[in-house]
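# Quick one, structure for this:
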Amino acid sequence: MELLNPLADANFPARTVAFTGTAGSTGVWPAGPQGVVIWADQACYVIVGEGVTATTSSTPIPANTPIPFKVPQGGGGTWRVSAIQIATGGNVYAKPINIQ
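Modelled structure (predicted):
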């Protein structure tokens, strides 16, 4: 069984951002993590990557359900999480992780 390993808060803090019918995007993290655990208090569409902005074509996630996403590798730049509402605005939470 693989375990999720939250990364050091100093370099990879958890981030929160509000979203509505307009996408909200977290601050950025440096390259390095294998993944990020994402959850939201309302159902939303999310995307992970460099300079991304969520749309209604992004990946839908249910409310209150932590889901691990892979962080795209190869660009070497900073990356972020972006979310937009499905029906109701809310907050999205994200914490970078590695997998052990």
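
# Can you spell out which helices and strands pack onto the top strand by length along the chain?
Longest strand in the chain by number of residues, with DSSP state E as the criterion: strand 90-99. On a contact count with 3 or more C-beta pairs under 8 Å, 6 or more residues apart in numbering; DSSP states H and E, strand 90-99 meets strand 4-6, strand 15-19, strand 35-40, strand 44-49, strand 80-85. (C-beta placed from N, C-alpha, C; glycine too.)

# partner strands of that strand, parallel or antiparallel?
strand 4-6 (antiparallel), strand 15-19 (antiparallel), strand 35-40 (antiparallel) (DSSP bridges).

# What residues of that strand count as buried?
90, 92-97 (16 or more other C-beta atoms under 10 Å).

# Among the strands paired with strand 90-99, show the one with the smallest mean pLDDT.
Of all the strands paired with strand 90-99, mean pLDDT reaches its minimum on strand 4-6 (a mean of 86).

# Output the helices and strands packed on strand 90-99 as TSV; include the columns distance to residue 29 and mean neighbour count.
Converted to TSV, the helices and strands packed on strand 90-99 look like this (distance: least, C-beta to C-beta, whole Å; neighbours: other C-beta atoms under 10 Å):
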stretch	distance to residue 29	mean neighbour count
strand 4-6	13	13
strand 15-19	8	17
strand 35-40	8	21
strand 44-49	10	22
strand 80-85	7	24
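
# Output the ones you listed as a markdown table; include the columns distance to residue 71.
A markdown table is the format used below for those (distance: least, C-beta to C-beta, whole Å):
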| stretch | distance to residue 71 |
| --- | --- |
| strand 4-6 | 13 |
| strand 15-19 | 13 |
| strand 35-40 | 6 |
| strand 44-49 | 6 |
| strand 80-85 | 10 |
